[in-house]
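S.K.: Provided below are the primary sequence and the corresponding predicted coordinates.
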Amino acid sequence: MKKWQDKVQVLIDSLPYIKQFKNKNVVIKYGGSAMIDGILKENVIEDIILLKVVGINPIVVHGGGNKISELMQKLGKKSVFIDGLRVTDKETVAITEMVLTGQINKEIVSLINQKGGSAIGLSGKDGNLIISTKKPPYMKGKEKIDHGFVGDIKSINTDLLRLLEQNNFIPVISPVGFGEDGSSYNLNADTVAGALASALKAEKLVLLTDVEGVYNKEKKLISSISEKKIKKLIKENILVGGMLPKIEAGLSALDSGVKKVHIIDGRVEHSILLELFTSAGIGTEITQ
């Protein structure tokens, strides 16, 4: 009997959060180990479906950098990253689109649908969802950096997302942008998630990672931090590398009206529900 009473208590404890977030948009960036490990993958899918069932509107943006790198290696191409972004030539952007849109996106959509959800897979090309322009070259010291077919986001078609939301679909979005010149652009998935959250004025932006969250200079987890203090960590070079695009996406979302940004450890089972439906949470919460 005690076991069942504990389960009921968990449901009761989550009720205030469910009421608070009902009919609100939550943008989830899905990436890292949670896309590779079978159990973690199943947990994430179940979390997303549960959000939808209780009246919250999840929008999923997925990554897939490891899969892209694996295929590139098989094809004899070397992966090069600068400032956390993949340098992308014309052949690499074709590989990227094939892996992200043709493989990973459809796998996630299939898993959600198999578990009883209703998901639709999209890339930036569908319905002009993400119009992009080439990321301009810039100087880094004396070196000119050109990421190639890496894009900046020009606009988001929120009408398409609202239409899917009204018809109870879960959008699953591949981070491939569509240029007005017809080019495909490789987009950072964290940046896309942040832009979508901004455009939708989402309640929350949740970024899944392979670390506990944001650490201070003593390498201790920061459970909650303000926008001002996290900018200080960036200036002090405490936040570097692959964490930078996540932080930048989060700060941009906060500036655009998103209530909170959460950077959480996707290696923890049901990390999304633990962060959203418990008072303690598990990662780092960034607020204005």
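M.R.: Ah, there it is.
S.K.: I'd say Gln103 and Lys67 touch.
M.R.: Yes. Using C-beta atoms under 8 Å, Gln103 is in contact with Lys67, at 7.0 Å. For every residue, glycine as well, the C-beta is placed using N, CA and C.
S.K.: who does whatever helix or strand Ile59 lives in pair up with?
M.R.: Using DSSP states H and E, Ile59 maps to strand 57-62. Here strand 57-62 is paired, per DSSP bridges, with strand 25-30 (parallel), strand 170-174 (parallel).
S.K.: mean confidence for that strand?
M.R.: For strand 57-62, the mean pLDDT works out to 98.
S.K.: can you list contacts of that strand?
M.R.: Applying C-beta atoms under 8 Å, 6 or more residues apart in numbering, the external contacts of strand 57-62 come out as 23-31, 35, 48, 51-52, 100, 104-105, 108, 119, 161, 165, 170-175, 189, 192-193, 196, 200, 202.
S.K.: need the buried ones from those residues selected in PyMOL.
M.R.: One line in PyMOL is enough to select the buried ones among these; burial here means 16 or more other C-beta atoms under 10 Å:
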select buried, resi 25+26+27+28+29+30+31+35+48+51+52+100+104+105+108+119+161+165+170+171+172+173+174+175+189+192+193+196+200+202
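S.K.: pull out the buried positions in the longest helix along the chain.
M.R.: Ranked by residue count and defined by DSSP state H, the top helix of the chain is helix 2-21. For helix 2-21, the neighbour count (16+ other C-beta under 10 Å) marks 14, 17-18, 21 as buried.
S.K.: between the residues you listed, which is nearest Val211?
M.R.: Nearest to Val211 among the buried residues of helix 2-21 is Tyr17, at 24.2 Å by C-beta to C-beta.
S.K.: in CSV: the buried residues of helix 2-21, plus distance to Phe81.
M.R.: Compiled in CSV, the buried residues of helix 2-21 are given as follows (distance: C-beta to C-beta, whole Å):
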residue, distance to Phe81
Ser14, 39
Tyr17, 37
Ile18, 39
Phe21, 35
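S.K.: the strands in the stretch 151-288 of the chain, which residues?
M.R.: Secondary structure of the stretch 151-288 of the chain, counting by DSSP state E, counting those that start in this stretch: strands at 151-156, 170-174, 176-179, 184-186, 204-209, 214-215, 221-222, 224-226, 260-265, 284-287.
S.K.: tell me what angle the strand holding Ile59 forms with strand 204-209.
M.R.: 30 degrees (axes from the mean of the first three to the mean of the last three C-alpha atoms, to 10 degrees).
S.K.: centre of the chain to strand 57-62, how far?
M.R.: 8 Å (C-alpha atoms, centre = their mean, to the nearest Å).
S.K.: ok, now stretch 155-174?
M.R.: Counting by C-alpha atoms, centre = their mean, stretch 155-174 is centred 15 Å from the centre of its parent chain.
S.K.: with stretch 239-259 instead?
M.R.: Using C-alpha atoms, centre = their mean, the offset of stretch 239-259 from its chain centre is 11 Å.
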